[in-house]
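Participant: no FASTA, just this:
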């Protein structure tokens, strides 16, 4: 229950903070919604191989407006990206030496990086006002849900 509340708060922050990004055509990445919407096809192979992933969404696109193909591409990209994210001192850290090794377009990587930065900023700002929240770790359970 506590974990669900944290994800709802993070989701709201991500939606609110990505407003400017949408107009530039960068995909809006709502991690909780992305994880929650099931696919009608398997993406295991795409998520784990080196096929290049690029997703261009129209301005103001929302998760519920994505096609199953677009959703699958974003989930496969998230699976690859979040294998390089750890939680240290209640902050997400990205450890990607060479983004090209992910085989994901630069705009998608930037969208995920922005989502991480927004989440970290939110956790910091809550801590400064005395409301500490514990960010959930990106674990195998979360990553495996992206494949569904």
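Facilitator: Okay, I see it. Everything numeric here is computed off the predicted structure, so don't read it as measured data.
Participant: where in the protein is pLDDT low?
Facilitator: Applying pLDDT under 70 to the chain flags the ranges 1-32.
Participant: Going along the chain, name the helices of it.
Facilitator: 2-17, 19-23, 31-36, 44-48, 68-82, 106-128, 140-146 (DSSP state H).
Participant: Would you convert those into TSV that also reports distance to residue 98 and mean neighbour count?
Facilitator: To be clear about C-beta, it is placed using only N, CA and C from the backbone, and glycine gets the same treatment. Formatted as TSV, these follow (distance: least, C-beta to C-beta, whole Å; neighbours: other C-beta atoms under 10 Å):
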stretch	distance to residue 98	mean neighbour count
helix 2-17	26	15
helix 19-23	24	13
helix 31-36	23	18
helix 44-48	18	15
helix 68-82	13	21
helix 106-128	11	17
helix 140-146	21	14
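Participant: Just put the ones you listed in JSON lines and tack on distance to residue 100.
Facilitator: Supplementary listing: the helices of the chain in JSON lines, determined by distance: least, C-beta to C-beta, whole Å:
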{"stretch": "helix 2-17", "distance to residue 100": "26"}
{"stretch": "helix 19-23", "distance to residue 100": "22"}
{"stretch": "helix 31-36", "distance to residue 100": "23"}
{"stretch": "helix 44-48", "distance to residue 100": "17"}
{"stretch": "helix 68-82", "distance to residue 100": "12"}
{"stretch": "helix 106-128", "distance to residue 100": "9"}
{"stretch": "helix 140-146", "distance to residue 100": "21"}
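Participant: Among those helices, which comes closest to residue 60?
Facilitator: Between residue 60 and the helices of the chain, the shortest gap by C-beta to C-beta is with helix 19-23, which sits at 5.2 Å.
Participant: related to what we said a few turns ago, for residue 88, find the nearest of the helices of the chain.
Facilitator: helix 106-128 (10.6 Å).
Participant: The closest one packs against which elements?
Facilitator: Helices and strands touching helix 106-128, by 3 or more C-beta pairs under 8 Å, 6 or more residues apart in numbering; DSSP states H and E, are helix 2-17, helix 68-82, strand 91-94.
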